[in-house]
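Novice: sequence unavailable; structure follows:
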């Protein structure tokens, strides 16, 4: 919303500055053209306004008319003392017509006309601008009595460099309101050019200047277009013409939310077609966006966002809620910016901006009824997070998943050359029967899964952190059931197991317990413990999981507990990737056995589960 406002505000403020300078000139001297009088006048006005000025051309005044008039040519206004040296405005010709007190008309500036004007407008990262009319570091005085009643600016060249809100505009702007007999026409400002490197156009309509007063709000509306997006806003200045206090609302639509950067300077996410609306209020360096509603695809967001630029670092506060959020609605694929095939990786590779984490501080609270994260259907999600001097802390993220619960704590330090992350993730009672299978009606395995992930890694995405992870990953199933044909096949092939497979028997057999412990070293998970005790087989394994490529390299061995005839013992290979695993027998390693007497003992489940509960150390700097 502020992009068109800042251009309009800057042009309007610069126009007021010119008018005030020349109006003061009219009140000081009658013979403006007298040599020392002219110099004294310019020096006096420059000191009062805080902007050095120079009039290279003629300066004429007609002060004793019913409508006193001042005209100046080739006027240069330099930057104020709170900004580096430079030029704020160059105006070929300025005409000011005053409303004389006691004339029956509102006092102030009856008409202001600028011709051949060029504005060089600058605002630094602290909010100091060369178009401000008073020193921003001093207390604000009461509103000025001067109000421009009619403004005419024809095709002024405008260059705006706004580091405060990351906006850079080059183009033209025109303002026009001509008083007619018995009429009070509204103010209209039109502009076009390049904003942040993309073509932009805007139109602002406001209340008639002729009826403006300091004791009642001054209303305006505008529409802005760029990169297929449209921003429409309505607002008011509660204390005309104090541009640091603004109230209003806006609606934005377009093909990609990220394109709002070319309208507002805000750096947002890629999306598909979107709608965004909010009520806004600006109070100096504090802004509030309330009743915010955003929608794209199947996703919605609503809540309140505030930003405060009054401190040493910008601080944001986000309190957001969602009924449904689908992560596939975000990113370059949702925006149609890529034709590349979807990533084969299971872990998300979307990166957080380390530069953004270092630039701003934030407090975030988020709740959602459902979040679709690829194959993970999260429910009743809640998140609390902070960004403090480049350190992101998540404490905690909670969600319901597959009938169980997820809780995560994390810390990402973006101040390092390569950001360092710590992650502590706990999964409790995830129901394996609810995992997505080809045939959801007959899940091959059931039972509650418990897991603990405690790792440290580097990077700004989950995939980067996993690919460099060091730490531990522990999992266990304290009880459950597995398809008997799968359990029998873990030790190779025998008559009983082959019979189950050939008849497509879906009979289950109990899982007494199962546990796995991996140590992570530079992104590779090495199996320290891999045991599953089923009713017919005791299954053990070894191998690795490579998290950079997400490749699986595991070998399983089954030992029969009961007698089996014509058994072909062969290790089972688990290959493929986390997203697409594959299972096969190891070729060339089979051992035929006529009678396998199945003398294997059951595992000590209590000890096995206790080891995987206590072996994972806590993550440092949680």
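Specialist: Structure received. Owing to the predicted nature of the structure, the values given are computational and were not obtained by experimental measurement.

Novice: okay, CA-based contacts and neighbour counts for the rest of this
Specialist: Noted.

Novice: count of residues packed around residue 56?
Specialist: Per other C-alpha atoms under 10 Å, the neighbour tally for residue 56 reads 12.

Novice: equivalent analysis for residue 582, please.
Specialist: Residues near residue 582, counting by other C-alpha under 10 Å: 12.

Novice: isn't it right next to residue 572, touching?
Specialist: No: using C-alpha atoms under 8 Å, residue 582 makes no contact with residue 572, being 10.3 Å away.

Novice: how about the strands in the stretch 351-500 of the chain?
Specialist: Per DSSP state E, counting those that start in this stretch, the stretch 351-500 of the chain carries strands over the ranges 361-373, 376-388, 391-401, 404-413, 420-431, 445-446, 448-458, 470-477, 480-483, 492-493.

Novice: what's the fourth one packed up against?
Specialist: Think strand 404-413. If you count contacts as 3 or more C-alpha pairs under 8 Å, 6 or more residues apart in numbering; DSSP states H and E, strand 404-413 packs onto strand 391-401, strand 420-431.

Novice: those strands: which one's closest to residue 68?
Specialist: Among the helices and strands packed on strand 404-413, the nearest to residue 68 by C-alpha to C-alpha is strand 391-401 (61.0 Å).

Novice: can you give me the buried ones in the closest one?
Specialist: 391, 392, 393, 394, 395, 397, 398, 399, 400, 401 (16 or more other C-alpha atoms under 10 Å).

Novice: ok, of those, which one's closest to residue 300?
Specialist: Residue 300 has its nearest neighbour among those in residue 399, at 17.9 Å by C-alpha to C-alpha.

Novice: apart from its chain neighbours, what residue comes closest to the closest one?
Specialist: residue 381 (4.3 Å; C-alpha to C-alpha, 6 or more residues apart in numbering).

Novice: in the chain, which spans are helices?
Specialist: Using DSSP state H, the helices found in the chain span residues 2-28, 35-49, 261-264, 354-359, 462-467, 484-489, 495-502, 605-614.

Novice: now the longest strand that the chain contains, how far from the centre of its chain.
Specialist: As assigned by DSSP state E, the longest strand anywhere in the chain is strand 108-123. Computed by C-alpha atoms, centre = their mean, to the nearest Å, the chain-centroid distance of strand 108-123 equals 36 Å.

Novice: in the stretch 501-622 of the chain, which ranges drop under the pLDDT threshold?
Specialist: Filtered on pLDDT under 70, the stretch 501-622 of the chain yields the residue ranges 501-506, 562-569, 586-599, 614-622.

Novice: let's go with 50 and repeat that
Specialist: 502, 616-622 (pLDDT under 50).

Novice: and the helices and strands packed on strand 404-413: which comes nearest residue 365?
Specialist: Closest to residue 365 of the helices and strands packed on strand 404-413, according to C-alpha to C-alpha: strand 391-401, at 10.0 Å.

Novice: let me see the mean pLDDT of the closest one.
Specialist: The average pLDDT within strand 391-401 is 95.

Novice: which residues does that strand contact?
Specialist: 357-358, 376-387, 405-415, 430 (C-alpha atoms under 8 Å, 6 or more residues apart in numbering).

Novice: now list the buried members of those.
Specialist: The buried subset of the contacts of strand 391-401 (16+ other C-alpha under 10 Å) comprises 357-358, 378-379, 381-387, 405-414, 430.

Novice: just flag the most distant two among the buried residues of strand 391-401.
Specialist: Within the buried residues of strand 391-401, two members stand farthest from each other by C-alpha to C-alpha: 391 and 401, at 27.8 Å.

Novice: my guess is residue 464 contacts residue 350. True?
Specialist: No: look at residue 464 against residue 350 with C-alpha under 8 Å: they stay out of range, at 9.5 Å.

Novice: so between the two, which is more surrounded?
Specialist: residue 464 (21 against 13).

Novice: please report how far that one lies from residue 576.
Specialist: With distances taken as C-alpha to C-alpha, to the nearest Å, residue 464 is found 20 Å from residue 576.

Novice: and if you look at residue 488?
Specialist: Residue 488 is 22 Å from residue 576, by C-alpha to C-alpha.

Novice: cool, and residue 211?
Specialist: Relative to residue 576, and taking C-alpha to C-alpha, residue 211 is found at 75 Å.

Novice: residue 68 too?
Specialist: Distance from residue 68 to residue 576, by C-alpha to C-alpha: 87 Å.

Novice: low-confidence ranges, the stretch 151-300 of the chain, go.
Specialist: 181.

Novice: lowest-confidence stretch among the helices of the chain?
Specialist: helix 495-502 (a mean of 49).

Novice: OK, contacts around the residue most central in space within the chain?
Specialist: In the chain, the residue lying closest to the centroid (C-alpha atoms, centre = their mean) is residue 268, at 4.5 Å. By C-alpha under 8 Å, 6+ apart, the residues touching residue 268 are 257, 258, 260, 261.

Novice: just the closest of those to residue 218, please.
Specialist: residue 260 (26.5 Å).

Novice: quick one: contacts for the residue nearest to the closest one when sequence neighbours are not counted?
Specialist: Distances taken as C-alpha to C-alpha, 6+ apart place residue 266 nearest to residue 260, at 6.5 Å, with adjacent residues excluded. Contacts for residue 266 (C-alpha under 8 Å, 6+ apart) come out as 165, 166, 260.

Novice: pull the contacting residues for the first one.
Specialist: To tie it back to what came earlier, the one meant is residue 165. With C-alpha under 8 Å, 6+ apart, residue 165 has these contacts: 125, 264, 265, 266.

Novice: and the last one, how far is that from residue 259?
Specialist: Spelled out, that is residue 266. 9 Å.

Novice: which of residue 68 and residue 576 has more neighbours?
Specialist: Higher neighbour count among residue 68 and residue 576: residue 68, with 19 against 15, using other C-alpha under 10 Å.

Novice: just give me the neighbour total for residue 66.
Specialist: Residue 66: 12 neighbours (other C-alpha under 10 Å).

Novice: do the same with residue 193
Specialist: Other residues near residue 193 come to 19 when the count uses other C-alpha under 10 Å.

Novice: bridging residues for it?
Specialist: Taking DSSP bridges as the rule, residue 193 bridges to residue 171, residue 200.

Novice: count the neighbours of the residue nearest to residue 77 when sequence neighbours are not counted for me.
Specialist: Closest residue to residue 77 apart from its sequence neighbours, by C-alpha to C-alpha, 6+ apart: residue 53 at 4.5 Å. If you count neighbours by other C-alpha under 10 Å, residue 53 ends up with 24.

Novice: distance of residue 53 relative to residue 78?
Specialist: Relative to residue 78, residue 53 is positioned 6 Å away (C-alpha to C-alpha).

Novice: would you map out the domains in the protein?
Specialist: 1-132+146-214, 469-614 (automatic domain parsing).

Novice: I'd guessed residue 609 sits against residue 478; true?
Specialist: Yes: between residue 609 and residue 478 there is a contact at 7.1 Å, judged by C-alpha under 8 Å.

Novice: tell me, what's touching those two both at once?
Specialist: In contact with both residue 609 and residue 478: 513, 514, using C-alpha under 8 Å, 6+ apart.
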